[in-house]
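Participant: predicted model, plus sequence, below.
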Amino acid sequence: MTVYLVGAGPGDPDLLTVRAVRLLQRADVVVHDRLVAPGVVALAPREARRVDAGKAAGRAVLSQEQINELLVELGGSGALVVRLKGGDPYVFGRGGEEAAALLEAGVPFEVVPGISSALAAPMAAGVPLTMRSRASSFTVLTGHDDPENPQGVDWEAHARTGATLVVLMGAGRIGAIAKRLLVGGLDADTPVVAVHWACTERQQVLRTTLSEVGHAEVAAPCTFVIGDVAGLDLRSLPLPTPWAVPRAPKP
Ligand SMILES: C[S@@+](CC[C@H](N)C(=O)[O-])C[C@H]1O[C@@H](n2cnc3c(N)ncnc32)[C@H](O)[C@@H]1O
């Protein structure tokens, strides 16, 4: 039977896709990650089997290999299997590895996209990732790699693109990341927004700057938005200056 790799969105069950809800309501087995909100898992029938594959940082309940094996095994069982992954399965979710394992084993699967925290967390803080004349692109980056590792993300290069930078999994390394972005040429007062537990009852938003963010206390899960647009908060008026005053068009 088909295994469904389903994006659970950032937390609020109202942000699930219709397809995700329909599949959950028919599920025989739900295999979910740690960051998937209980309210989402609760949409499965009461009698459905629930497997918590929850991977807390540094202490895996099930290894990725074990999860892959479990999905292959369940896929051969005839049960309707929903593999629930926080946000979108293919954005830093290791959904690609799970899909590859199912493909290799000949188990039919389908991927159902979800709203990634990379999109939802900025929105929840009132930050548009792109805005005419402010930012014409955005880049989603992992903060998980050691910034000292020369093979890792080239932060200095990203500092020069002018794109809004969205950093996932960066809570433990944001100070080191900020240093490299400063070396790359971003201004010390570049706005930074940190959104902790976006779209849940535990949501907290911190507004700071690139030179200060390393001193801030930020815990995972947290999404950082770095760039001019992070100085906006479109949830409330008045807008901070200079955002309140439309810029003069370029000659
Ligand atoms: C392993 S990645 C998974 C990302 C996920 N696939 C997605 O598309 O959102 C986990 C990271 O996503 C971010 N994240 C997930 N849920 C979040 C939330 N509710 N609020 C803020 N950031 C979140 C954090 O940066 C966290 O460390």
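Facilitator: Done, it's in.
Participant: quick check: the gap between residue 35 and residue 219.
Facilitator: Per Cβ to Cβ, to the nearest Å, residue 35 is found 13 Å from residue 219. Using the backbone N, CA and C atoms, a C-beta is placed for each residue, glycine as well.
Participant: wait, what's in contact with the residue of the chain found nearest the ligand?
Facilitator: Residue of the chain nearest the ligand, by Cβ to the nearest ligand atom: residue 87 (2.0 Å). Neighbouring residues of residue 87 by Cβ atoms under 8 Å, 6 or more residues apart in numbering: 7, 8, 9, 10, 35, 93, 114, 115, 116, 117, 118, 120.
Participant: tell me, how many residues neighbour residue 62?
Facilitator: When neighbours are counted by other Cβ atoms under 10 Å, residue 62 registers 16.
Participant: ramachandran angles for residue 168?
Facilitator: For residue 168, the backbone dihedrals are phi -100, psi 160 (criterion: degrees, to the nearest 10).
Participant: OK, contacts around it?
Facilitator: 91, 92, 117, 118, 140, 141, 142, 143, 144, 223.
Participant: from these, which ones fall inside helices?
Facilitator: 117, 118 (DSSP state H).
Participant: rewinding a little: of residue 35 and residue 219, give the one with the bigger neighbour count.
Facilitator: residue 35 (21 against 11).
Participant: for that one, which three-state class applies?
Facilitator: The assignment at residue 35 comes out as coil when based on DSSP: H, G, I helix; E, B strand; the rest coil.
Participant: which stretches of the protein have low pLDDT?
Facilitator: Scanning the chain for pLDDT under 70 picks out 55-60, 237-251.
Participant: what about 90?
Facilitator: For the chain, the stretches flagged by pLDDT under 90 are 1, 34-35, 53-62, 78, 93, 133, 145-151, 217, 235-251.
Participant: near the ligand at all, whichever strand or helix holds residue 177?
Facilitator: Using DSSP states H and E, residue 177 sits in helix 174-183. No: Helix 174-183 does not reach the ligand (Cβ under 6 Å from any ligand atom); its nearest approach is 10.5 Å.
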